[in-house]
Structures are given as C-alpha cells and as structure tokens.
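1. no FASTA, just this:
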C-alpha cells in the first residue's frame with residue numbers, strides 16, 4: 001500500500017484507482033502470488049529512475065541527521081493528538097484482530113508519520 005499513494009498523487013491511471021490496484025497488485029501480493037510482485041516490479045521500473053552513487057560516480061559527504069524540536073501551537077497540538085488517537089485505534093484494532101503482521105506497512109506508516117510530526 002505504501003506505493004499506492006504515490007500512484008494516486010501522480011495520477012498514474014489506472015494504478016491510481018484503488019480497486020484496480022487491489023485486484024492487480026495488493027491482493028495478489030498479500031496472497032503470496034508472484035504475479036502481483038512481478039506487476040509491481042514492472043510498474044516501478046516504468047515510473048521510477050534509480051541511480052546509485054556508484055553509477056553516477058559522485059562522492060557525497062557522509063549523511064548527517066539533525067533533529068529539531070518545534071513547539072506546536074494549541075491548534076497543531078490538538079490536530080496531532082486527534083490523529084494520534086485515531087492511529088491508536090487503528091493499531092489496537094489490528095492487534096485485536098491479530099492482523100498486525102498483515103497490516104505491518106500501515107502500522108509502520110502511522111508510527112513514522114507520528115514520529116516525524118511530533
């Protein structure tokens with residue numbers, strides 16, 4: 001599902017249509033069907049260009065990570081808390097249904113979004 005949202009953003013029809021995505025990519029992958037993965041790989045090869053540092057012969061400095069803590073306004077804090085509460089409900093439902101593994105990418109996305117906006 002992580003790759004469906006960029007398809008929507010890019011308006012990459014028909015892959016930006018949820019039912020089409022589910023039928024040809026998401027469901028086959030979830031069932032372990034190799035066709036879903038091969039379709040996804042073909043799609044990504046079509047819409048993406050990947051160059052590694054080695055291929056472009058460029059020397060980059062080492063990556064540095066800077067963390068900036070920013071105080072949220074009252075409105076931003078309320079929005080964050082609302083999203084956090086909804087995210088908690090989603091994750092708790094996955095846990096209750098014992099489907100965390102099946103929905104791990106969604107759980108990781110939720111946690112990642114909350115971490116980046118906290």
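-> Alright, I've got the coordinates. None of the values given here were measured: they were computed from a predicted structure.
2. Which is the succeeding secondary structure element to the longest helix anywhere in the chain?
-> Counting by DSSP state H, the longest helix found in the chain is helix 74-96. Per DSSP states H and E, the first helix or strand lying C-terminal to helix 74-96 is helix 104-117.
3. Kindly provide the whole-number mean pLDDT of that next one.
-> Mean per-residue pLDDT for helix 104-117: 75.
4. Kindly calculate the angle that that helix makes with helix 74-96.
-> Using axes from the mean of the first three to the mean of the last three C-alpha atoms, to 10 degrees, the inter-axis angle of helix 104-117 relative to helix 74-96 is 160 degrees.
5. Report the buried residues of helix 104-117.
-> For helix 104-117, a neighbour-count test (16 or more other C-beta atoms under 10 Å) marks 106, 107, 110 as buried. Glycine gets a C-beta too; all of them are placed from N, C-alpha and C.
6. Same question for stretch 12-27.
-> 15, 16, 21, 24, 25, 26.
7. can you put these in a markdown table and add distance to residue 60?
-> A markdown table is the format used below for the buried residues of stretch 12-27 (distance: C-beta to C-beta, whole Å):
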| residue | distance to residue 60 |
| --- | --- |
| 15 | 32 |
| 16 | 33 |
| 21 | 34 |
| 24 | 37 |
| 25 | 33 |
| 26 | 35 |
